[in-house]
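K.L.:
fold the stuff below for me.
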Amino acid sequence: MPPRLTDSSALKIHRNRASETFLHVEVADEVQERLTEVNRRFTDPVVITPFPQVWGNFGKVIDDEEILNISPASHDLAIHVLALHWANDPVGQMVQCRRALRPDGLFMAFLFGGQTLWELRACLAQAETNVTGGLSPRVLPMGEIRDLGGLLQRAGFSLPVADSFTKTVRYRDAFHLMHDIRAMGEGNALADRLRRPTRRDVFVEAAKLYNDQFADSEGRIPATFEIICLTGWAPDPSQQQPLRPGSAKQRLADVLKSFDPPTDSTK
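P.N.:
Alright, predicted model coming up:
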């Protein structure tokens with residue numbers, strides 16, 4: 001059994017103390033915009049989120065527990081919101097969502113990607129090395145879009161698509177940013193994190209490095225949040241299917257022979 005990445009108890013404590021949901025609101029708006037582009041009316045949506053207050057009367061809203069509170073084939077739309085990056089078994093979460101969808105139901109997941117907080121991660125690593133001579137597990141490792149897109153196929157979804165967008169937020173200093181991260185419920189909940197307080201001079205050094213390397217002309221620092229969207233459909237015979245190997249009626253070589261090779265006019 002693989003080691004657990006996340007301390008679920010610590011994560012729950014952090015989320016219970018959370019007071020800032022602006023990125024969740026941003027994703028909720030993104031969901032509404034994307035759904036207007038889908039030629040489908042959804043009547044039984046379910047939203048998996050640690051912050052149900054953001055979603056109002058959108059549909060059924062459940063927590064992102066390891067065993068999701070959803071029944072098989074009970075929904076036509078499942079949306080997993082800014083929680084999958086903390087899952088100890090993200091593929092398992094996605095498989096549960098697929099099973100909860102009716103055939104040709106839509107799955108959407110939004111999670112933080114590998115470019116999220118790259119500035120802070122770099123400065124913290126450098127500061128801890130400078131001050132203590134070593135590194136400790138401090139920031140959640142987040143996946144890259146290509147790797148995360150592959151999870152859709154592993155979970156059994158059809159027509160998988162992965163894309164991303166970034167949001168840059170500016171703060172007065174690194175302490176302001178780290179306070180906001182805690183307010184989002186995104187503090188360090190790694191299972192292998194240090195169990196003793198970090199020396200303050202590590203954070204002071206990180207704040208100095210952040211300001212020196214990234215501050216703008218007004219003295220404010222940028223923080224990047226990359227949000228990856230994974231989209232897939234529960235399999236259904238009505239969906240477009242790839243051709244079976246060997247089913248082509250014409251050989252590629254014969255097709256290519258019908259085209260004259262282009263001439264190169266450059267010297």
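K.L.:
for stretch 55-75, buried residues please.
P.N.:
W55, F58, G59, K60, V61, D64, L68, I70, H75 (16 or more other C-beta atoms under 10 Å). Using the backbone N, CA and C atoms, a C-beta is placed for each residue, glycine as well.
K.L.:
just the CA atoms of that stretch, as CSV, please.
P.N.:
Taking Å, rounded to 0.1, in the frame of the first residue of the first chain, the C-alpha atoms of stretch 55-75 are listed here in CSV:
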residue,chain,number,x,y,z
TRP,A,55,-22.5,26.5,-4.2
GLY,A,56,-25.9,27.5,-2.8
ASN,A,57,-28.7,25.6,-4.5
PHE,A,58,-26.7,24.3,-7.4
GLY,A,59,-27.5,20.7,-6.6
LYS,A,60,-26.4,18.0,-4.2
VAL,A,61,-23.3,19.1,-2.4
ILE,A,62,-21.1,16.6,-0.6
ASP,A,63,-17.7,16.5,1.2
ASP,A,64,-14.6,15.1,-0.4
GLU,A,65,-14.3,12.1,2.0
GLU,A,66,-12.3,9.1,0.9
ILE,A,67,-15.6,7.2,0.3
LEU,A,68,-17.9,9.7,-1.4
ASN,A,69,-21.6,9.9,-0.4
ILE,A,70,-23.0,9.2,-3.8
SER,A,71,-25.0,6.3,-5.2
PRO,A,72,-24.2,4.5,-8.6
ALA,A,73,-25.8,6.0,-11.7
SER,A,74,-27.5,8.7,-9.7
HIS,A,75,-26.2,11.9,-11.4
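K.L.:
what's the farthest-apart pair in the buried residues of stretch 55-75?
P.N.:
Within these, two members stand farthest from each other by C-beta to C-beta: F58 and L68, at 16.7 Å.
K.L.:
T6 and D192 touch, don't they?
P.N.:
No: T6 lies out of contact with D192 (C-beta atoms under 8 Å); the separation is 10.1 Å.
K.L.:
the more surrounded of these two?
P.N.:
Remark: of T6 and D192, T6 carries more neighbours, 15 against 11, as counted by other C-beta atoms under 10 Å.
K.L.:
just the pLDDT at the more buried one, thanks.
P.N.:
Note on T6: pLDDT of 92.
K.L.:
contacts only, for it.
P.N.:
Residues in contact with T6 (C-beta atoms under 8 Å, 6 or more residues apart in numbering) are W86, A87, N88, L140, A189, L190, A191.
K.L.:
among those residues, which one has the most neighbours?
P.N.:
W86 leads these on contacts (other C-beta under 10 Å) with 24 neighbours.
K.L.:
do you know how far that one is from R102?
P.N.:
28 Å (C-beta to C-beta, to the nearest Å).
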